[in-house]
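[1] here's a sequence, model it:
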Amino acid sequence: MPELSWEEEFNTLVAEFVESAETRLVAFRVALDRLCETPESTPALQELKRHFHRLAGTGLTFGFAELSALASQGEELVDERLRAGQTTSPEDLARYRTLIDALDNGFAGAKTWLQRWR
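    Numbering: from 1, shown residues only. Got it, this is the predicted structure:
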């Protein structure tokens, strides 16, 4: 089996990143649902932060700056709530949900791009 070039290998990783969208979005929504059920839960808020943090880094690594920016914004919002040490408000939950929906739309665009690219 021929060895892949660095560019081919990277392109394969980009495709895997885009194809992982559904799994990532489900994880975001499960974390958000958990937080909705227990808005006072610091562990639930930290879990949501981890999802935003991971996507902020990997999105930028694979050239999806918009996804990364949205995830960074989510991470910053969660950090603000954690620093304040307050219960997550309904407004916070709405902001997180809006960001997750925007990530969903961004991944849809990335999937369209990937289909054209292949």
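[2] hey, let's count contacts and neighbours off CA atoms from now on
    Fine.
[3] what does Phe62 show for phi and psi?
    When read as degrees, to the nearest 10, the backbone of Phe62 gives phi -100, psi 10.
[4] now stretch 89-109: mean pLDDT?
    If you average the pLDDT over stretch 89-109, you get 97.
[5] what does that stretch contact?
    Outside stretch 89-109, the residues that touch it by CA atoms under 8 Å, 6 or more residues apart in numbering are 18, 21, 25, 28-29, 32, 36, 39, 66-67, 70-71, 74.
[6] how about Gly59: what's its closest non-neighbour residue?
    Once flanking residues are discounted, Gly59 sits nearest to Ser68: 4.8 Å by CA to CA, 6 or more residues apart in numbering.
[7] tell me which element the one you found falls in.
    helix 65-84 (DSSP states H and E).
[8] what helices or strands is that helix leaning on?
    In this structure, helix 65-84 packs against helix 42-61, helix 90-117, with contacts taken as 3 or more CA pairs under 8 Å, 6 or more residues apart in numbering; DSSP states H and E.
[9] for the residue nearest in space to the middle of the chain, give me its contacts.
    The structure's the chain has its C-alpha centroid closest to Leu55; by CA atoms, centre = their mean the separation is 4.2 Å. Contacts for Leu55 (CA under 8 Å, 6+ apart) come out as Leu67, Ser68, Ala71.
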